[in-house]
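> model the following, please.
(2 chains)
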Amino acid sequence: MAGLLDKRRSKREDAETPTSSMADIAFLLLIFFLVTTTINVDTGIGMTLPPQLEQEEPPPVQERNLLRVLVNASGEVLIDDNMSSVNQIREEVKTHVLNYGENADYSDSPSDAVISLKTDAQTPYRIYIDVLDEIQMAYREIYNSIARSGNLPSGESVLDETYESYEAYRESLEPEDDDLVRESFPRNISIAEPDSGN
Amino acid sequence: MASERFQKRSSDTSPGITTASLPDIIFMLLIFFMVTTVLRETEIQVRTELPDAEALTKIDQKRLISNVYIGPVIRGPREGETAVQIDDALIEESSAIRTIMYNQLQEEPRLIVSLRVDRESEMQVVNEVQQELREAGTLRINYSSNPAVDQ
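Got it, this is the predicted structure:
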């Protein structure tokens, strides 16, 4: 009788290897892969190209409303025929855009102001992006202040609420909503064709 | 004696829920996700070291993006020469861009062309591509760049 019991007990002991922890291991692997897989979001400077003109001439722009930024192949910057540097572009663009007709050298109003960016054929893309980035940042800073106060620099009210930054305002928009900041304060950046550089 | 044996047996046969098949289910999930995650769709034949910029915007809708790569060719007979790549192929003649982009625009009217240009490329090439994009009518572009490191 005792022998029979012993036999049974020994059979029960080597019945199964514990597999319950396998689930945890697999879960850990699953979570590890989920966390480490980055779905990379494309970031960049968004621009809209001008449509192809048929025979029409581009609309004339008054000289005072135009801020000409020229960049040559070695990264030297010329703003309205004055030697300048990349770091000065941001301030220069802001004074130009926010002039409201005060200074005769700068723009009449923000919606009239045009920033024209022209490069040499040999200008490296890196420098072009640096300059374009400075121009965009000038506008971004203006947009940020509009989003924070809800008012245009001229004092006109555009937004019902105030936001921490322009980005925060953009994120609060539904896809079908219009960007009121952008609409009331247009950004006119013109990319001129580069010179052949001869 | 007989009743003792009966009791013992009944206590033995109360089973827990078998968890042995759980790892299999989870492994299946894991393998499913690993297989369906596409890491890179196209083999890039040109070097595109992107420039840094501050005024960045994110494009969430990946479906709308069409990539154009511009940079020096990495290997092959044309090594070092600046070339344009769309999808899998290098573009031989820049006027081909027009057709490719026009066709893509017909399929997706909200198309955004993401220009992934090497930092050292010359503006001449970039501008040539931009003229072609204007011809095709794909006016929404994006100069793909990396976020600048804060000074």
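
> A:Ser109 against A:Gly101, yeah?
Yes. If you go by CB atoms under 8 Å, A:Ser109 and A:Gly101 touch, sitting 6.8 Å apart. Placement of C-beta: from N, CA and C, glycine included.

> just give me the residue right at the centre of chain A.
A:Ile45 (4.9 Å; CA atoms, centre = their mean).

> tell me which element that residue falls in.
strand A:42-48 (DSSP states H and E).

> in the sheet, who's paired with the residue nearest to the centre of chain A?
B:Tyr143 (DSSP bridges).

> now do it, the pLDDT please.
On the pLDDT scale, A:Ile45 is placed at 88.

> with B:Thr57 instead?
Taking B:Thr57 on its own, its pLDDT is 84.

> which residues in the chain form strands?
Using chain A here. Along chain A, counting by DSSP state E, strands occupy A:42-48, A:66-71, A:77-79, A:82-84, A:114-119, A:189-191.

> nope, chain B please
B:52-53, B:57-59, B:65-72, B:82-86, B:89-90, B:112-117, B:140-144, B:146-147.

> neighbours of the closest residue to B:Thr37 other than its chain neighbours, how many?
Nearest non-adjacent residue to B:Thr37, counting by CB to CB, 6 or more residues apart in numbering or on different chains: A:Thr37, 5.9 Å away. A:Thr37: 11 surrounding residues under other CB atoms under 10 Å in any protein chain shown.

> so the residue nearest to the centre of chain A touches B:Asp52, yeah?
No. A:Ile45 is beyond contact range of B:Asp52, at 11.1 Å (criterion: CB under 8 Å).

> mind listing the shared neighbours of those two?
Contact criterion CB atoms under 8 Å, 6 or more residues apart in numbering or on different chains; residues shared by A:Ile45 and B:Asp52: A:Ile129, B:Ser145.

> which residues are in contact with the strand holding A:Ile45?
A:129, A:132-133, A:136, A:189, A:191, B:53, B:55-59, B:62, B:65, B:112, B:114-115, B:139-147.

> circling back: possible to save the strands of chain A as JSON lines with distance to A:Arg182?
As requested, the strands of chain A are exported to JSON lines (distance: least, CB to CB, whole Å):
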{"stretch": "strand A:42-48", "distance to A:Arg182": "11"}
{"stretch": "strand A:66-71", "distance to A:Arg182": "19"}
{"stretch": "strand A:77-79", "distance to A:Arg182": "24"}
{"stretch": "strand A:82-84", "distance to A:Arg182": "27"}
{"stretch": "strand A:114-119", "distance to A:Arg182": "15"}
{"stretch": "strand A:189-191", "distance to A:Arg182": "13"}
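
> please identify the buried residues of stretch B:100-113?
Buried residues in stretch B:100-113, defined by neighbour count with 16 or more other CB atoms under 10 Å in any protein chain shown: B:Ile100, B:Met101, B:Gln104, B:Leu105, B:Leu111, B:Ile112, B:Val113.

> how far away is the fifth one from chain A?
In this view, B:Leu111 and chain A are 12 Å apart by CB to the nearest CB, to the nearest Å.

> dump the residue contacts of the closest residue in space to that residue that isn't next to it in sequence.
Excluding its sequence neighbours, the residue lying closest to B:Leu111 (CB to CB, 6+ apart) is B:Leu105, at 5.2 Å. By CB under 8 Å, 6+ apart, B:Leu105 lies in contact with B:Leu111, B:Ala136, B:Gly137, B:Thr138.

> which of these ranks first by neighbour count?
B:Thr138 (24 neighbours).
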